[in-house]
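Enquirer: Okay, sequence plus prediction incoming.
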Amino acid sequence: MEPVEALVAPAVPADVRFREAEDGDVEQLVALWEACGLTRPWNDPRLDVADARSNPTSAVLVGVGEGGVVASAVVGYDGHRGWVYYLAVSPEAQRGGLGRAAMGAAEGWLRHQGVRKVRLMVRHGNERVLGFYDSLGYTDSECVVLGRDL
């Protein structure tokens, strides 16, 4: 596969490089997700990382700066559409273009896999994040996502 940074369209801050996650990134990644309020007690984030990294149709992308992991996006595709999960930017680095760059890395990875549609989920009430995705051209797909544990 092409290096992730070659797939990123938006300008990435000079000190941040996007790549697929490695074993040594996992604890920083989980800490990032916790700092961004993305984890839930019923989901084991370490298992989510392991599952995504072990599946050939998904990847965990990290933005790495001088201090370590500062951004992330988990991507995958199901043969029909691509999905983005765990898009996160360190609270200290938010509003500096890293969210846009992380989505660029995610979309680039999906495009490289031949994906033509991308979807993501935003929790109810998260208006700030909805505004961010709106600025990137994402719109409400007018569907309800249902779920069940197996």
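Expert: Looks like it arrived, so ask away.
Enquirer: What are the boundaries of the strands in the chain?
Expert: Assigned by DSSP state E, the strands in the chain fall at 17-20, 58-65, 68-77, 82-89, 118-120.
Enquirer: partner residues bridging Ser72?
Expert: Judged by DSSP bridges, the bridge partners of Ser72 are Val62, Ala88.
Enquirer: tell me the mean pLDDT over stretch 71-86?
Expert: Average pLDDT, stretch 71-86: 96.
Enquirer: Between the two ends of it, how far is it?
Expert: End-to-end distance for stretch 71-86: 9 Å, by C-alpha to C-alpha, to the nearest Å.
Enquirer: buried residues in that stretch?
Expert: Ala71, Ser72, Ala73, Val74, Val75, Gly76, Tyr77, Gly82, Trp83, Val84, Tyr85, Tyr86 (16 or more other C-beta atoms under 10 Å). For the C-beta atoms, the positions are set from N, CA and C on the backbone; glycine is no exception.
Enquirer: and of the residues you listed, the nearest to Gly114?
Expert: Minimum distance to Gly114 across the buried residues of stretch 71-86 is 8.2 Å, recorded for Tyr77 (C-beta to C-beta).
Enquirer: doesn't Trp83 make contact with that closest one?
Expert: Yes. The pair formed by Tyr77 and Trp83 meets the contact definition of C-beta atoms under 8 Å, at 7.0 Å.
Enquirer: about what we covered before: would you list the strands of the chain in CSV and tack on distance to Gly97?
Expert: Below are the strands of the chain laid out as CSV (distance: least, C-beta to C-beta, whole Å):
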stretch, distance to Gly97
strand 17-20, 12
strand 58-65, 11
strand 68-77, 10
strand 82-89, 9
strand 118-120, 19
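Enquirer: do you know which of those strands lies nearest Glu34?
Expert: Closest among the strands of the chain, using C-beta to C-beta: strand 82-89, at 9.6 Å.
Enquirer: Could you point out the longest helix of this structure?
Expert: As assigned by DSSP state H, the longest helix anywhere in the chain is helix 98-112.
Enquirer: now for that one, which elements pack on it?
Expert: strand 17-20, strand 58-65, strand 68-77, strand 82-89, strand 118-120 (3 or more C-beta pairs under 8 Å, 6 or more residues apart in numbering; DSSP states H and E).
Enquirer: buried sites along the last one?
Expert: Translated: strand 118-120. Val118, Leu120.
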